[in-house]
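1. curious how this folds, go ahead:
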Amino acid sequence: MEQDYKPKIQLPHINRSPKPILINRPDKPSWSFSFKYFEQKRFFGLKNKDGGWFVSIFEQLRDYCKVDIEKFQSDLKMQNGFRYHKIDWHGKNVPMERADFNWIDKDILENEDEFPFYQIHISKALGRIVGLWGLNNIFYILLLDPEHNIQPSKYNDYKVTKTAIQDSNYTSLMIDIDKLKKHQCATPCKLREELNNIPSNNNTSFYSFELHDDYYEAFHEKIKDKSITELIELGLLHI
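-> Predicted coordinates:
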């Protein structure tokens, strides 16, 4: 009996790109940082700190990430050089208690034996970082301490220096809007009505863009009598 003939189907060759290979894969555990639990608090505010101070923070964190973490955790001399130690909550004039860190997970906060808090220095002049260790050698930053307030010492006569909290641009804007809402004006006050509707939760699309320096002056010349929205809409119509 003659068998049915089934032609072989040749699948097209798929050119699969090789999987990326990480060059110089680290063979030792690395030190990393997280701002998941970072807050500003009384005596640990960052108002009036300039850009240079923040650059110093980032550079110091970068340098810590290059440290051999296994060596660091066993080398007391290195730890002393970094002013690294557990927070002594019973020290003189310590301005916070562990219980005051109520913005972090309760399971962490109530387990001091497993999750002690540490300080480590930025520099002698720029202050300290306060945090705790999590999994995978992640050091969770809780506070930045530019005035050395977390652990007052004899060096500065156990003084605790006042600081102020730096609001974000968004928070500052909302404060300004709240002030405007309290402003007295003639009844009915259209301004107050509009302010009370903020945020409107509208679904207007938002786009951002940047201009090359060569076009910047021309752009300002064009918007003298038109809004940016009008210019973009006109441009889209002529595409």
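2. secondary structure class for the residue lying closest to A164 once chain neighbours are set aside?
-> Nearest in space to A164, with sequence neighbours left out and distances taken as Cβ to Cβ, 6 or more residues apart in numbering, is K47 at 3.8 Å. Quick note: C-beta positions are derived from backbone N, CA and C, even for glycine. Following DSSP: H, G, I helix; E, B strand; the rest coil, we place K47 in the coil state.
3. burial of K47, as a residue count?
-> 10 (other Cβ atoms under 10 Å).
4. for N102, which non-adjacent residue is spatially closest?
-> L109 is the one closest to N102 (Cβ to Cβ, 6+ apart), at 6.9 Å.
5. surely that neighbour meets F101?
-> Yes: assessed by Cβ atoms under 8 Å, L109 is found in contact with F101 at 6.0 Å.
6. separation between the residue nearest to N102 and I138?
-> Distance, L109 to I138, by Cβ to Cβ, to the nearest Å: 17 Å.
7. over to G91?
-> From G91 to I138 the distance is 26 Å (Cβ to Cβ).
8. can you check F219 too?
-> To I138, F219 is 44 Å away according to Cβ to Cβ.
9. neighbour count: the two, which is higher?
-> Comparing F219 with I138 by other Cβ under 10 Å, the one with more neighbours is I138, at 16 against 12.
10. list the beta-bridge partners for the more buried one.
-> Note on I138: beta-bridge partners S32, judged by DSSP bridges.
11. quick check: closest non-adjacent residue to the residue positioned nearest the centre of the chain.
-> Geometric centre of the chain, nearest residue: F35, 5.6 Å, by Cα atoms, centre = their mean. Leaving aside its chain neighbours, F35 sits nearest to I141 (5.5 Å; criterion: Cβ to Cβ, 6+ apart).
12. tell me the contacts of the residue nearest to A164?
-> Contacts for K47 (Cβ atoms under 8 Å, 6 or more residues apart in numbering) come out as T163, A164, I165, Q166.
13. show me the shaky parts of this structure.
-> In the predicted model, the chain carries pLDDT under 70 at residues 1-27, 169-176, 180-181, 186, 192-194, 197-216, 220, 223-224, 228, 236-239.
14. show me how this structure divides into domains.
-> What automatic domain parsing lists as the domains of the chain is 32-156, 169-237.
15. point out the most buried one among the ones you listed.
-> Among those, judged by mean count of other Cβ atoms under 10 Å, the one packed with the most neighbours on average is domain 32-156 (a mean of 15).
16. off-centre distance for that one?
-> 15 Å (Cα atoms, centre = their mean, to the nearest Å).
17. same for the helix ranked longest in the chain, what does it pack against?
-> Of all the elements of type helix in the chain, the one with the most residues (DSSP state H) is helix 51-65. Judged by 3 or more Cβ pairs under 8 Å, 6 or more residues apart in numbering; DSSP states H and E, the packing partners of helix 51-65 are strand 32-34, strand 118-123.
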